[in-house]
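In: Dropping a prediction and its sequence here:
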Amino acid sequence: MMKVLRNIVIAMAIAAVPMAAVQAGPMDKAVGARKADMKLRAFYMGQLGGMAKGKIAYDAKTAQGAANSLLALTKLDGSKMWPKGSGNDMLGTKTRAMPNIWSTYPEVAGKGKAYKMAVENLVKVAGSGLDGLKGAIGPVGKGCGGCHKPFRAEKKK
């Protein structure tokens, strides 16, 4: 009986490998790339926000580096990371991107421009002192929320 059970488990494992490959859809790379991009943005915003809130000691070099990195991310061509049909309506829990991103695209683009302008302003002041960082970080966070609130589904618990 144990040998039969072992063989069934082995057969199921072997069958699962091709099934996993089939489940990997054409949008997986795009969704993975945009998630990686967002993780990087969150990493740098965490440094800057931590300094602005006094949770991390202000360091001009770190602040400037984080701001510069955010700006570099805004200059990437992310257009292929957002193919139509890669929202949570089609991909379920693989993404929190809501389908209204594609139906209201001019609005999304405008919010992206506002975010980029806020990051450009942040770059000018991030390394010059904590007060400058504090004054410029709010609009960047607001820019993030400008897209996340209307175009990203809540995280499921």
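Out: Happy to help now that I have it. Numbering: from 1, shown residues only.
In: From now on I want contacts and neighbour counts done on CA atoms only, so please keep to that.
Out: OK.
In: Roughly how far does the nearest residue to residue 120 once chain neighbours are set aside sit from residue 117?
Out: Nearest non-adjacent residue to residue 120, counting by CA to CA, 6 or more residues apart in numbering: residue 71, 6.6 Å away. Remark: distance between residue 71 and residue 117 (CA to CA, to the nearest Å) = 9 Å.
In: my guess is the residue nearest to residue 120 contacts residue 123, does it?
Out: Yes: the pair residue 71 / residue 123 is scored as a contact, 7.4 Å apart, by CA atoms under 8 Å.
In: Show me what stretch 44-55 is in contact with.
Out: Outside stretch 44-55, the residues within contact range by CA atoms under 8 Å, 6 or more residues apart in numbering are 56-59, 62-63, 66-67, 69-70, 130, 133-134, 137.
In: Just the buried residues from the residues you listed, in ChimeraX please.
Out: Selection of buried members from those for ChimeraX, criterion 16 or more other CA atoms under 10 Å:
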select :58,59,62,63,66,67,69,70,130,133,134,137
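In: now, which of the contacts of stretch 44-55 lie within helices?
Out: Taking DSSP state H, the ones among those that sit in helices are 62-63, 66-67, 69-70, 130, 133-134, 137.
In: Now render the residues you listed as TSV, adding pLDDT and distance to residue 95.
Out: Formatted as TSV, the ones in helices among the contacts of stretch 44-55 follow (pLDDT from 0 to 100; distance: CA to CA, whole Å):
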residue	pLDDT	distance to residue 95
62	98	31
63	98	30
66	98	26
67	98	26
69	98	24
70	98	22
130	98	35
133	98	32
134	98	32
137	97	27
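In: Can you add distance to residue 156 and give those back as a markdown table?
Out: Shown next, in a markdown table, are the ones in helices among the contacts of stretch 44-55 (distance: CA to CA, whole Å):
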| residue | distance to residue 156 |
| --- | --- |
| 62 | 33 |
| 63 | 32 |
| 66 | 29 |
| 67 | 30 |
| 69 | 29 |
| 70 | 27 |
| 130 | 35 |
| 133 | 32 |
| 134 | 31 |
| 137 | 28 |
